[in-house]
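S.K.: what shape does this take:
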Amino acid sequence: MKKLVYLLASAIFLITACGPFQEAIQNAIAGTQTPQPQVSICPEGWSRLEGRGVELCLPGTWDGGSDERLEKTLARLRTMGAEGERMASQLEANRNTIIFWAFNTDVVGMNVLIANIPASGTVSQFMDSQCQLIPDHYKQIGGTAKCLETNVVPLGAFQEVGRLVIEEKISGYDLKAIQYTIPQGNTFWLVYFTTPSSQYSEFLPIFETAITTLNIDQK
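M.R.: Sure, this is the predicted structure:
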């Protein structure tokens, strides 16, 4: 469980790193509407998990999607001393942004988190600024992080989706994450898949399949 909450916390730190970038280029709002993807059929043996306004297909060993899971993680963090309390505070500050969280019940430390933030600039600008801010941001909590690759790729109905791979070390855990940034109107939808570094290559195909099943409810 401890490793699980640290993985969730690593994604939260990425969200908080977005704030300075939004302020720096807030006058460069991206106003182009991106097409809404069609609801896809889950692969055999997978389940569709629902969060607040989003759905994502994941293998049957995954659980989550609801706010209830986040509440349990928050309670657990607060029992883990000063460091856990700091992480819990970060989570509390971003509760309105985090709309989905799920984890693999068979592999400790593997999760997916979905958030949305106001769009600022282009997807490429957003990722470049993240890569500049991330190292110093992680130093504040005694960790390290660096961007390994950034590119813009088509994804279903979306023609320009940011794809960012990040290497992280937090509280002694070696992690690797892939972040997808999906622009939709004046919103960036951020989808983070995080896993222990040693298992990243093994589970990357699952992450790349799961992201194609993302459905965003704009009601």
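
S.K.: now do stretch 95-103, average pLDDT.
M.R.: Averaged across stretch 95-103, the pLDDT comes to 80.

S.K.: contacts for that stretch?
M.R.: Under the contact criterion CB atoms under 8 Å, 6 or more residues apart in numbering, stretch 95-103 has outside partners 4, 8, 12, 15, 49, 51-54, 56, 58, 62-65, 69-70, 73, 91, 110-117. Quick note: C-beta positions are derived from backbone N, CA and C, even for glycine.

S.K.: do that again at 6 Å, thanks
M.R.: Applying CB atoms under 6 Å, 6 or more residues apart in numbering, the contact partners of stretch 95-103 are 15, 49, 51-52, 54, 58, 62, 64-65, 69-70, 111-115.

S.K.: any of the residues you listed buried? List them.
M.R.: Burial by neighbour count, 16 or more other CB atoms under 10 Å: within the contacts of stretch 95-103 this picks out 15, 49, 51, 54, 58, 62, 64-65, 69-70, 111-115.

S.K.: give me the next element, helix or strand, following the helix or strand bottoming out on mean pLDDT in the chain.
M.R.: Least confident helix or strand, the chain: helix 18-24 with a mean of 46, by mean pLDDT, DSSP states H and E. Where DSSP states H and E defines the elements, the next helix or strand beyond helix 18-24 is strand 46-50.

S.K.: give me the neighbour count for Asp106.
M.R.: For Asp106, the count of nearby residues is 10 (other CB atoms under 10 Å).

S.K.: try Tyr200
M.R.: 20.

S.K.: ok, Tyr173 next?
M.R.: 16.

S.K.: about what we covered before: among the buried ones among the contacts of stretch 95-103, which are located in strands?
M.R.: Secondary structure from DSSP state E places 49, 54, 58, 62, 64, 111-115 of the buried ones among the contacts of stretch 95-103 in strands.

S.K.: and these, which two are furthest apart?
M.R.: Farthest-apart pair in those is Trp62 and Ala115; separation 18.0 Å (CB to CB).

S.K.: Thr212 versus the residue sitting nearest the centre point of the chain, what's the distance?
M.R.: The centre of the chain sits closest to Tyr192, judged by CA atoms, centre = their mean, with a distance of 2.5 Å. Look at Tyr192 and Thr212: by CB to CB, to the nearest Å, they are 16 Å apart.

S.K.: cool, Val165 as well?
M.R.: For Val165 relative to Thr212 (CB to CB), the value is 18 Å.

S.K.: what ranges do the strands span in the protein?
M.R.: With DSSP E as the criterion, the chain has strands at 46-50, 54-59, 62-64, 98-104, 111-118, 144-155, 158-170, 173-184, 187-196, 215-216.

S.K.: want to try CSV for those strands, with distance to Phe207 as columns?
M.R.: Converted to CSV, the strands of the chain look like this (distance: least, CB to CB, whole Å):
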stretch, distance to Phe207
strand 46-50, 13
strand 54-59, 10
strand 62-64, 12
strand 98-104, 11
strand 111-118, 8
strand 144-155, 12
strand 158-170, 11
strand 173-184, 6
strand 187-196, 4
strand 215-216, 17
